[in-house]
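Novice: Show me how the following folds:
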Amino acid sequence: MLIARPARPGPKGSRPLTDLDLIDRKIVAELMRDATLPIARIADRAGLSQTPCWKRIQKLEAAGILTGRVALADPGKLGFGLTVFVGIEAPDHSAGWREAFAKATDAIPEVMEVYRMAGETDYLLRVTVADMTAFDRFYRRLTDAVPIKQVTSHFVMERMRFTTAYPVDTVSR
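Specialist: Reported below is the predicted structural model:
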C-alpha cells in the first residue's frame, strides 16, 4: 500500500522509493523484470490477491513510479549493430543553446538516451545505428543542427550486461 509520509525534496512529481512498502516494491520489481506477467502471478509473488494487486499497480502508475510498459528488443536483430556513447562539450551554456540541443536530439531517432552531465563532458548520448556509415550520417545531422565545441565517440564492442530493472529491495521492510 502507498504510505503517506511527509514530502521530501525532489523533482516535481517524484516520489522517493523509501515511501513504498515491501509489497509495492515487490510489484515494481516483478513488472520491471517482466511486464507481461499476468496479474495473478504478480499478485502471488507479492502476497496479494488479484484485485488489490491491480489497484496497487494503478496507484503506482498514477503516482508516476511506473512510467510505462514496453517490450525490449535485440538491437542487432533489428539491424542496429552499432551502439555509440557520444560525449558532447557545449560551446556555451545558454538557455538558447540548451533548447536547440534538446530539439536536435529529440528529432534524431537514433538517439536513445541523453544525459546532462557534470565534469568535462556536458552531455552524454547513447546512439544506436546500423553501422559506421549510419553513424557518420547521425554525426553530420547533429553537428549541422547545433554548434558543438567537442564530440567524443566511444564505440561499443560488446554489450556485456544490460538491464532496465533497478535493484529494488524486495526483502527489507
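Novice: Show me where the chain has its strands.
Specialist: Secondary structure of the chain (DSSP state E): strands at 82-89, 111-116, 123-129, 150-155.
Novice: Now tabulate those strands in JSON lines and tack on mean neighbour count, mean pLDDT and distance to Asp34.
Specialist: Heads up, the C-betas are built off the backbone N, CA and C, glycines and all. Shown next, in JSON lines, are those (neighbours: other Cβ atoms under 10 Å; pLDDT from 0 to 100; distance: least, Cβ to Cβ, whole Å):
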{"stretch": "strand 82-89", "mean neighbour count": "18", "mean pLDDT": "98", "distance to Asp34": "23"}
{"stretch": "strand 111-116", "mean neighbour count": "14", "mean pLDDT": "98", "distance to Asp34": "21"}
{"stretch": "strand 123-129", "mean neighbour count": "20", "mean pLDDT": "98", "distance to Asp34": "23"}
{"stretch": "strand 150-155", "mean neighbour count": "12", "mean pLDDT": "98", "distance to Asp34": "31"}
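Novice: Nearest to Ala63, out of those?
Specialist: Ranking these by proximity to Ala63 (Cβ to Cβ) places strand 111-116 first, at 23.4 Å.
Novice: got the contact list for the closest one?
Specialist: Residues from elsewhere that reach strand 111-116, judged by Cβ atoms under 8 Å, 6 or more residues apart in numbering: 102, 105, 122-128, 138.
Novice: Could you check how far Arg98 is from Ala104?
Specialist: 11 Å (Cβ to Cβ, to the nearest Å).
Novice: do the same with Gly79
Specialist: 23 Å.
Novice: which of those two has more neighbours?
Specialist: Ala104 (17 against 11; other Cβ atoms under 10 Å).
Novice: Quick check: chain neighbours aside, which residue is closest to the more buried one?
Specialist: Spatial nearest neighbour of Ala104, chain neighbours left out: Ala145 (3.8 Å); criterion: Cβ to Cβ, 6 or more residues apart in numbering.
Novice: ok, now Arg33?
Specialist: Ala165 (5.5 Å).
Novice: shouldn't that neighbour be in contact with Met32?
Specialist: Yes: using Cβ atoms under 8 Å, Ala165 is in contact with Met32, at 3.7 Å.
Novice: Please identify which of those two sits among more neighbours.
Specialist: Met32 (16 against 12).
Novice: what does the model give that one for pLDDT?
Specialist: Met32 is assigned 96 on the pLDDT scale.
Novice: quick one: contacts for it?
Specialist: Taking Cβ under 8 Å, 6+ apart as the test, what Met32 contacts is 164-166, 168.
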